[in-house]
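Trainee: no sequence for this one, just the structure:
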């Protein structure tokens, strides 16, 4: 089985920074895209940022210039550096990864973490 475990959430004041981490573990042959999504109360889950195995990135407009996604392929870990945080960034942040496990026939599956809460408030 494959598991994704997020960490790094918490309470921060407006203008502050947080760094989220998400480590994938288990029977992993390879990981393609990894990403971060978020869901605020009464809102749908939305994409925050994505990164390919080669390091190409994609950001939602509302975080461009403030958030940076990166990954360490050797550690099967993706990071989200969040700067200049705003109250509207408050949400449950989820990690996502497209994983090819050691199964046959070979196939890629989407996996999700359990979420980590980010609260931006004074």
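Mentor: Perfect, thanks for sending it. Values in this document were obtained by computation on a predicted structure and should not be read as measured data.
Trainee: so what's the residue most central in space within the chain up against?
Mentor: When the chain is reduced to its mean C-alpha position, the nearest residue by Cα atoms, centre = their mean turns out to be residue 36, at 2.8 Å. Residue 36 sits next to 20, 22, 47-50, 69, 78, 80, 93-96 when contact means Cβ atoms under 8 Å, 6 or more residues apart in numbering. C-betas here are computed from N, CA, C, even on glycine.
Trainee: Can I get those residues in CSV including pLDDT and neighbour count?
Mentor: Below are the contacts of residue 36 laid out as CSV (pLDDT from 0 to 100; neighbours: other Cβ atoms under 10 Å):
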residue, pLDDT, neighbour count
20, 98, 23
22, 98, 26
47, 98, 14
48, 98, 24
49, 98, 23
50, 98, 19
69, 98, 22
78, 98, 29
80, 98, 26
93, 98, 23
94, 98, 20
95, 98, 27
96, 98, 21
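Trainee: Which ones among these lie within strands?
Mentor: Among the contacts of residue 36, the members found in strands (DSSP state E) are 20, 22, 47-50, 69, 78, 80, 93-96.
Trainee: can you tell me which of those residues lies nearest to residue 103?
Mentor: Among the ones in strands among the contacts of residue 36, residue 96 lies closest to residue 103 (Cβ to Cβ), at 19.2 Å.
Trainee: Quick check, the closest one in contact with residue 110.
Mentor: Yes. Contact criterion Cβ atoms under 8 Å: residue 96 and residue 110 qualify, at 6.3 Å.
Trainee: how about residue 74, secondary structure?
Mentor: helix (DSSP: H, G, I helix; E, B strand; the rest coil).
Trainee: Actually, residue 4.
Mentor: strand.
Trainee: Contacts only, for it.
Mentor: If you count contacts by Cβ under 8 Å, 6+ apart, then residue 4 has 22, 23, 24, 95, 96, 97, 111, 112, 113, 114 around it.
Trainee: ranges for the strands of the protein?
Mentor: Using DSSP E, the strands found in the chain span residues 2-7, 10-12, 18-26, 28-39, 46-51, 57-59, 67-72, 77-82, 91-101, 109-112, 116-120.
Trainee: winner for burial among those?
Mentor: strand 77-82 (a mean of 22; mean count of other Cβ atoms under 10 Å).
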